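Peer 1: the sequence and its predicted three-dimensional model are supplied below.
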Amino acid sequence: MTALHLALAQLRHTPLLTALNALLMALGTASIVFLLLAGDQFARAIARDAQGIDLVLGAKGSPLQLILSSVYHADIPTGNIPLAEARRWAEDRRVARAVPLSLGDSYRGFRIVGTTPDYAGLYAARLQQGEYWQAPLQAVVGAAVARETGLGLGDSFSGAHGLAGGAAHADHAPYRVVGLLAPSGTVLDRLILTSLESVWALHGAPAAALPGAAREDHHDHDHDHDHDEGRDHTHGGHPDSAAPGPRRQEQQDPAEREITALLLRYATPMAAISLPREVNAQSQLQAAAPAFELARLLQLVGLGLEGLRAFAAVLILSAGFAVFVALYGALEARQYDFALLRCLGATRGQLLRSLCLEGLLLTALGALLGTLLGYAAMAALGQWLAHSRGLLLDPWVWPPQQSWLLLGLLAVGLLASALPAWRAYRSDVARILAQE
Amino acid sequence: MPEAPALRIQGLRHAYAGQPVLALDSLHLAPGEQCLLLGPSGSGKTTLLHAIAGLLRPTAGEIQVRGQDLAALGSAARDRFRGRHIGIVFQRLHLLPALTVLDNLRLAQRLGGRPADTTAALGLLDALGLAGLAARKPAALSTGQAQRVAIARALVQRPALLLADEPTSSLDDANAQRGLRLLRSQAQAAGAALLLVSHDARLRGQFDRELRLDGPA
Ligand SMILES: Nc1ncnc2c1ncn2[C@@H]1O[C@H](COP(=O)(O)OP(=O)(O)OP(=O)(O)O)[C@@H](O)[C@H]1O
Ligand SMILES: [Mg+2]
């Protein structure tokens, strides 16, 4: 095919110019591809962690904080709620499944979560080794925790106060690892799960309720700890705690135990209409829906992404402009070539096509290079995140916007070559040949 | 039916912005015939060739190539007709710098509506003493070599009419003679009628047919 052959020959004839222009286009493309992928992965990761959780009940406060603290374990809890109250809602017939969470301690920065094995079930996580806890102070650790702390089956460790690694509970019996979770790519990977009773035991619940618990009189144990992470103490008992007023859990009555949050799954979609409203109106609890709060959060984050995207669009437009300048600038020097082609029998249309093809090829080269670059960057980020944060990304996805991006790029390339091509189309061969 | 003349011109006039630059009452070339048209600079020689090639619409007169009136064709059809039936050797040499010598020839074949015929192209290069240069880019050729490549390219699609505009003006005596000989022998071998325009008095007396173009007086 003549037009393609010519366009390719022309691009090869000026390799440096071609490479530079393609590179310019590639940089803009890579930026957008990366942003698209990152946005996509971010949304997926966020959705993954919230799977199966329709509503979260917790202490009153910021609903976003409640979601961030109890679903993503990325914020401090809003406080505690009475177990009895939580149970009332868990037994509501509109609720299919309820998973209690009790937070407060951590081990080397990984949160220790008092809960039931149902919690791992939310994410369909499997045990890689061992079993779930049978007794207090037995723990199941997430895959990233195991990898980074080196904890294995049978190992012991002591939790520290606060959620980001404070002083250790040096004064009571350590946890023992009885199970290891397989990697799930969810927040579970970075958690240490244990029974609710373990957390209560360490935070002042009566020994009577805790057969096997080593100590019973530890509720004042931490008054002399220095509270580097004081804000994280939600399990009461700390006069200097800044947490929003959780009650001290010194009560002897198991009925007055507290948990941090309750994760609910609706039995019927209709529950979404009535349940949150009832919870918020009829109790001291607050109900927050992850989907709703996340939409709100993504809107905020989205603004930042929009800005970056606009910047990448500017990069692409300037790359398109570079293609335009490359073609238009060479026009003067090449008009004798065009005249010659016409003399050899090329029609105006063939000339037009050949030049547009040149612009398109240049753009396509840049787009291809940029796409590869974008995916490579995403893969590198994925590697790094998997390694450092235990966050599993799947960079090898093709978000639908990606196809639109490529189409848009080709349109930019076509647009950039349109004017030069039109000028070549219009040129007066006889006049050009006579200018010698 | 007798074969149509390679070229037939009747009452040709051209003026740029009302300024007459070309007048040629009549010119007929039989197939394969060779003709030298001599005229001083500015007498309208290049203008004439452009008109014959259909690159320029003359103010008045009629031009037929192989019996085809070029003015009657649409733009694209005229381009294709030119590519197919008319070969042009320019006053100043011009080859496409992005293509190799061989590809310049193959491009002319394809634009001339013929399948690219590498064997024929190489054969022609060989006949012009350019066998070793097929893979070179034009920038790596001497003027004389480029001249011969231009001749080869004008003939490679086997046109009915070969137009040559001062093909020897940029060459020294020896090379000019050599180039002219090759042009004439290759045109003959290809069966193309040749119209050569020049102001170069060195060429006088070498052609069976010689005409003078004096411009509109
Ligand atoms: N595009 C144009 N516009 C106006 N005048 C032109 C144009 N092209 C050529 N001319 C004029 O027409 C006349 C004939 O030009 P042409 O190029 O045909 O001469 P020529 O015989 O080929 O001359 P030379 O031997 O120098 O090549 C000249 O006076 C030239 O100035
Ligand atoms: Mg001239």
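Peer 2: Looks like it arrived, so ask away. Ligands and ions are numbered 1, 2, ... in the order given.

Peer 1: show me the strands in chain A, by range?
Peer 2: A:55-59, A:81-82, A:95-107, A:110-115, A:127-130, A:138-141, A:156-157, A:160-161, A:175-181, A:191-195, A:258-259, A:261-266, A:285-288 (DSSP state E).

Peer 1: how's chain A carved up into domains?
Peer 2: Domain segmentation of chain A under automatic domain parsing yields A:3-47+A:306-435, A:55-288.

Peer 1: quick one: which of the ones you listed is nearest B:His50?
Peer 2: B:His50 sits nearest to domain A:3-47+A:306-435 of all the domains of chain A, at 4.4 Å, using C-beta to C-beta. Yep, even glycine has a C-beta here, placed from its N, CA and C like the rest.

Peer 1: can you tell if that closest one touches ligand 1?
Peer 2: Yes: Domain A:3-47+A:306-435 lies within reach of ligand 1 by C-beta under 6 Å from any ligand atom, at A:Arg431, A:Ala434.

Peer 1: list the contacts for the residue most central in space within chain B?
Peer 2: What sits nearest the mean C-alpha location of chain B, by C-alpha atoms, centre = their mean, is B:Leu163, with 2.1 Å. B:Leu163 sits next to B:Leu49, B:Ile52, B:Ala53, B:Ile86, B:Gly87, B:Ile88, B:Val89, B:Leu195, B:Val197 when contact means C-beta atoms under 8 Å, 6 or more residues apart in numbering or on different chains.

Peer 1: select from these every entry located in strands.
Peer 2: Going by DSSP E, the strands hold B:Ile86, B:Gly87, B:Ile88, B:Val89, B:Leu195, B:Val197 from these.

Peer 1: follow-up on the earlier one: adding mean pLDDT, write the domains of chain A out as a markdown table.
Peer 2: Shown next, in a markdown table, are the domains of chain A (pLDDT from 0 to 100):
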| stretch | mean pLDDT |
| --- | --- |
| domain A:3-47+A:306-435 | 84 |
| domain A:55-288 | 77 |
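
Peer 1: could you dump those domains into a markdown table with mean neighbour count added?
Peer 2: Output for these, formatted as a markdown table (neighbours: other C-beta atoms under 10 Å in any protein chain shown):
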| stretch | mean neighbour count |
| --- | --- |
| domain A:3-47+A:306-435 | 19 |
| domain A:55-288 | 19 |
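
Peer 1: out of these, which comes closest to chain B?
Peer 2: For chain B, the closest of those is domain A:3-47+A:306-435, at 1.2 Å, according to C-beta to the nearest C-beta.

Peer 1: returning to what we had before: check which helix or strand the residue nearest to the centre of chain B maps to.
Peer 2: For B:Leu163, the element it lies in under DSSP states H and E is strand B:161-165.

Peer 1: residue of the stretch 51-200 of chain A nearest ligand 1, please.
Peer 2: A:Gly185 (72.1 Å; C-beta to the nearest ligand atom).

Peer 1: who touches A:Gly28 in this structure?
Peer 2: A:Ala312, A:Ala313, A:Leu315, A:Ile316, A:Leu317, A:Ser318, A:Ala319, A:Gly366, A:Gly370.

Peer 1: which residue is the nearest non-sequential neighbour of it?
Peer 2: A:Leu315 (3.3 Å; C-beta to C-beta, 6 or more residues apart in numbering or on different chains).

Peer 1: you'd agree the one you found is up against A:Leu23?
Peer 2: No: A:Leu315 is not in contact with A:Leu23 according to C-beta atoms under 8 Å; the separation is 11.7 Å.

Peer 1: and the helix or strand of chain B with the lowest mean pLDDT, which residues are buried?
Peer 2: Lowest on mean pLDDT, DSSP states H and E among the helices and strands of chain B sits helix B:173-190, with a mean of 86. By neighbour count on 16 or more other C-beta atoms under 10 Å in any protein chain shown, the buried set for helix B:173-190 is B:Asn175, B:Ala176, B:Arg178, B:Gly179, B:Leu180, B:Leu182, B:Leu183, B:Arg184, B:Gln186, B:Ala187, B:Ala190.

Peer 1: the third one and A:Leu202, how far apart?
Peer 2: Distance from B:Arg178 to A:Leu202, counting by C-beta to C-beta, to the nearest Å: 105 Å.

Peer 1: cool, and the first one?
Peer 2: According to C-beta to C-beta, B:Asn175 and A:Leu202 sit 102 Å apart.

Peer 1: what does the second one give?
Peer 2: In this structure, B:Ala176 and A:Leu202 are separated by 106 Å, where distance is defined by C-beta to C-beta.

Peer 1: repeat for the fourth one
Peer 2: Using C-beta to C-beta, one obtains 102 Å as the distance from B:Gly179 to A:Leu202.

Peer 1: so which of the ones in strands among the contacts of B:Leu163 wins on neighbours?
Peer 2: Comparing those by number of neighbours (other C-beta atoms under 10 Å in any protein chain shown), B:Gly87 comes first, having 31 neighbours.
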